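# Generate a structure from the sequence data that follows.
(chains A and B)
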Amino acid sequence: MKKRKITPFGVITIVLLSLLTIIFVFPFYWIMTGAFKAQPATIVIPPQWWPTHPTMENFTKLLVQNPAGRWLFNSIFIALVTMILVCVTSSLAGYVLAKKRFYGQKILFSIFIAAMALPKQVVLVPLVRIINFMGIHDTLAAVILPLVGWPFGVFLMKQFSENIPGELLESAKIDGCNELKTFTKIAFPIVKPGFAALAIFTFINTWNDYFMQLVMLTSRENLTISLGVATLQAEMATNYGLIMAGAALAAIPIVTVFLVFQKSFTQGITMGAVKG
Amino acid sequence: MNRINKIRMRETIVSYCFLAPVLLFFFVFVLTPMVMGFVTSFFNYTMTDFTFVGLDNYVRMFTDPVFIKSLKNTLIIVVGSVPITVIFSLFVASQTYEKNVFTRSFFRCVFFLPVVTGSVAVTVVWKWIYDPLSGILNYILKGGHVIDQNISWLGNEKYALWAIIIILLTTSVGQPIILYIAALGNVDKSLVEAARVDGATEFQVFWKIKWPSLLPTTLYIVVITTINSFQCFALIQLLTSGGPNYATSTIMYYLYEKAFKLSEYGYANTMGVFLAVLIACISFAQFKILGNDVEY
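Okay, the predicted model is just below:
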């Protein structure tokens, strides 16, 4: 149908896009190949573009001499639990903010919005004091609990909950559904796509929330995989093979999750940007 | 009247039951630290000391040469990365949004990959790219005869900050591209077609029709990119620790150093308050300036 002439601009665009694709994919490619290179091969010049003598040595070192398996488990545990808590609390809150009329609603929502714009790093110092006070510093809970309080999820779920037809809720009430049942049977199925989007969004963000992990976790066996890799890098900066293997362990699960749930994720990002 | 009030009261009770879990977390882990941070910014607060000092921390902050340098670096990062991010992502999005579903998700994935891979893993590679001896950047530039001696990109005050800005760019265009692709898909196609029929050039179509409807998205992107650039931390902590000679220190990094390495909590919180106010002011100004022509 559409006929497009080949213009100089078009050619430049294609060249430019290809170049950019290479630059953006390169780090990931380099991690995946570097993980299988022996130490000397990682620092030769000219670079070895493909592991000519692939080895599993880096992974064995990583898993035997370092608690990398434990780190991986910690990362998964933190991301999963945060995801569940954020999704449940946010969908409950988003639902009533969108569908109920109650005292203090406007002011509450404004506070949430204001807090959302505030970077959480800014309050990290007092947050660590609170965590210390609760006696949970250097536990996985110290990373999880503060992330649940962040109101982005509430905002996102409010956006999705606006789509629930009021008549449906009314008729459920007339049929004698109680509030909780109305939520689980009527409202929840409608906001499910939002729930999925928020879940995947939270999972990825939590996995990569390096700063929070850095200030909350200290003992070697409590680190997450990203934090573990960062620690290895600080300890043995030139052992690129080992560090790449760690980076691969950190990147593969999350990239897989992203690729599988890409659609939900994209939806979460775009819905979160729509102004309320 | 009583009946309506009664219903509203009932709704209120139900609503707060639904809100209770979020409010609990929000109160303990967001609101309380905010208040604490603000209050302790007026105290000399260290491991051993906790005395009220009024505005001393604020005075100290503005006379602290390292803080001033960090502030300057932070602003360079923001000013350097925000416009490039917007132009770059708009370019990529406008070149890909009309393509088929597969191509579109391909590019979305490509440009989101560094974000998903995570700062730590990406940094590992960039550290090697910039490595003065075995790094690929010096190898390529020497091969192309652009430079004739190895440059220590991260160890040189002249280049270090820009080296970091480049990495920051690769990890920050993912979300704007997704947003622009979505927004471009929502532009009224009949308007675009009509303009093309009337003989408008592609440039005119973009400038007169697409750009105005992209303004709200652009505003949002500018705000989130600004906020993210202000918080630039992980790359710096992992690559340079603020060096050489504080050439790459940002407010966020300096705050971290003061609080978690030197235990000067009060002073660190002062910087936190300053950063929060600065971000609030800039976001507000952006809404005012860019938001003027935006219709919601």
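# Can you check my assumption that residue B:44 lies in a helix?
No. Going by DSSP: H, G, I helix; E, B strand; the rest coil, the assignment for residue B:44 is strand, not a helix.
# Beta-bridge partners for it, please?
residue B:51 (DSSP bridges).
# Do I have it right that it meets residue B:263?
No. With contacts counted by C-beta atoms under 8 Å, residue B:44 stays clear of residue B:263, the gap being 11.9 Å. Bear in mind the C-beta positions are built from the backbone N, C-alpha and C, glycine included.
# any idea how chain B splits into domains?
B:1-36, B:63-291 (automatic domain parsing).
# Follow the chain on from the helix or strand hosting residue A:191 and name the next helix or strand.
The secondary structure element spanning residue A:191 is helix A:188-207 (assigned by DSSP states H and E). Toward the C-terminus, helix A:188-207 is succeeded by helix A:210-216 as the next helix or strand (DSSP H and E).
# Is any residue of that next one near chain B?
Yes. Looking at helix A:210-216 against chain B by C-beta under 8 Å from any C-beta of the partner chain, the contacts come from A:210, A:211, A:214, A:215.
# How about the contacts made by the second one?
It stands for residue A:211. A:121, A:124, B:233, B:234 (C-beta atoms under 8 Å, 6 or more residues apart in numbering or on different chains).
# Tell me how far residue B:167 lies from residue A:225.
Per C-beta to C-beta, to the nearest Å, residue B:167 is found 20 Å from residue A:225.
# more neighbours, the two?
residue A:225 (28 against 24; other C-beta atoms under 10 Å in any protein chain shown).
# wait, that one sits on residue A:67?
No. Residue A:225 lies out of contact with residue A:67 (C-beta under 8 Å); the separation is 10.3 Å.
# Helices of the stretch 101-250 of chain A, residue ranges please.
Using DSSP state H, counting those that start in this stretch, the helices found in the stretch 101-250 of chain A span residues A:105-117, A:124-134, A:140-148, A:152-161, A:166-174, A:179-181, A:188-207, A:210-216, A:225-235, A:240-260.
# Revised request: answer the last question for the stretch 51-200 of chain B.
B:56-63, B:65-96, B:101-117, B:119-129, B:136-143, B:160-170, B:174-185, B:189-197.
# Tell me which of those sits most buried.
helix B:119-129 (a mean of 25; mean count of other C-beta atoms under 10 Å in any protein chain shown).
# What angle do helix A:225-235 and that helix make with each other?
Using axes from the mean of the first three to the mean of the last three C-alpha atoms, to 10 degrees, the direction of helix B:119-129 lies 30 degrees away from that of helix A:225-235.
# ok, residues contacting helix B:119-129?
A:26-27, A:30-31, A:34, A:42, A:208, A:210, A:226-227, A:229-230, A:233, A:237, A:240, A:243-244, A:246-248, A:250-251, B:114, B:134-137, B:154, B:167, B:170-171, B:234-235, B:238-239.
# Please apply the same query to stretch B:35-44.
A:122-123, A:125-126, A:129-130, B:50-58, B:265-266, B:269-270, B:272-273.
# Which among those count as buried?
A:122-123, A:125-126, A:129-130, B:53, B:56-58, B:265-266, B:269-270, B:272-273 (16 or more other C-beta atoms under 10 Å in any protein chain shown).
# what about the one residue sitting closest to the centre of chain B, which helix or strand?
Nearest to the geometric centre of chain B sits residue B:228, at 1.3 Å (C-alpha atoms, centre = their mean). Using DSSP H and E, residue B:228 sits in helix B:211-230.
# Would you mind checking the average pLDDT for that helix?
If you average the pLDDT over helix B:211-230, you get 86.
# contact partners of it?
A:117, A:119, A:273, A:275, B:74, B:77-78, B:81-82, B:85-86, B:89-90, B:168, B:172, B:175-176, B:179-180, B:182-184, B:186-188, B:251-252, B:275, B:278-279, B:282-283, B:286-287, B:290-291, B:293-294, B:296.
# Name the nearest residue to residue B:117, ignoring sequence neighbours.
residue A:251 (4.6 Å; C-beta to C-beta, 6 or more residues apart in numbering or on different chains).
# Show the model's pLDDT score for residue 76.
By default, I'm working from chain A. So residue A:76 comes in at 94 (pLDDT).
# Wait, chain B was what I had in mind.
94.
# cool, residue A:63 as well?
Value listed for residue A:63 in the pLDDT field: 86.
# do the lowest-mean-pLDDT helix or strand in chain B and chain A meet?
Lowest on mean pLDDT, DSSP states H and E among the helices and strands of chain B sits helix B:202-204, with a mean of 81. No. Counting by C-beta under 8 Å from any C-beta, chain A is not contacted by helix B:202-204; separation bottoms out at 8.7 Å.
# Run the chain-centre distance for stretch B:204-214.
26 Å (C-alpha atoms, centre = their mean, to the nearest Å).
# What of stretch A:208-220?
The answer for stretch A:208-220 is 15 Å, by C-alpha atoms, centre = their mean.
# Same check on stretch A:22-37?
So, by C-alpha atoms, centre = their mean, the centroid of stretch A:22-37 is 21 Å from its chain's centroid.
# Same question for stretch A:201-215.
That offset, for stretch A:201-215, works out to 6 Å (C-alpha atoms, centre = their mean).
# do the same with stretch A:87-101
Worked out by C-alpha atoms, centre = their mean, stretch A:87-101 lies 22 Å from the chain centre.
# And stretch A:80-99, by the same measure?
16 Å.
# buried sites along it?
A:80-83, A:85-87, A:89-99.
# same check, this time on stretch A:154-170
A:154, A:155, A:156, A:157, A:158, A:159, A:160, A:161, A:164, A:169.
# ditto for stretch A:49-63
A:51, A:58, A:59, A:61, A:62, A:63.
# Of those, which is the nearest to residue B:64?
Nearest to residue B:64 among those: residue A:62, at 41.2 Å, using C-beta to C-beta.
# Which residues lie in contact with the nearest residue to residue A:145 once chain neighbours are set aside in this structure?
Spatial nearest neighbour of residue A:145, excluding adjacent residues (C-beta to C-beta, 6+ apart): residue B:29 at 6.0 Å. Applying C-beta under 8 Å, 6+ apart to residue B:29 gives the contacts A:127, A:130, A:145, A:146, A:148, A:149.
# How about residue 21: what's its closest non-neighbour residue?
If you meant another chain, say so; for now it's chain A. Nearest non-adjacent residue to residue A:21 (C-beta to C-beta, 6+ apart): residue B:110, at 5.1 Å.
# if you could check chain B rather than the one you did, that'd help
residue A:89 (4.2 Å).
# looking at this, that neighbour is in a strand?
No. Applying three-state DSSP, one finds residue A:89 to be helix, outside a strand.
# and it, what is it in contact with?
A:148, A:153, A:154, B:21, B:22, B:25.
# Let me know whether the fifth one touches residue A:92 as I believe.
Yes. When contacts are counted by C-beta under 8 Å, residue B:22 is listed as touching residue A:92 (7.2 Å).
# Report the mean confidence score over stretch A:112-123.
So the average pLDDT for stretch A:112-123 ends up being 80.
# Perfect, I'm done here.
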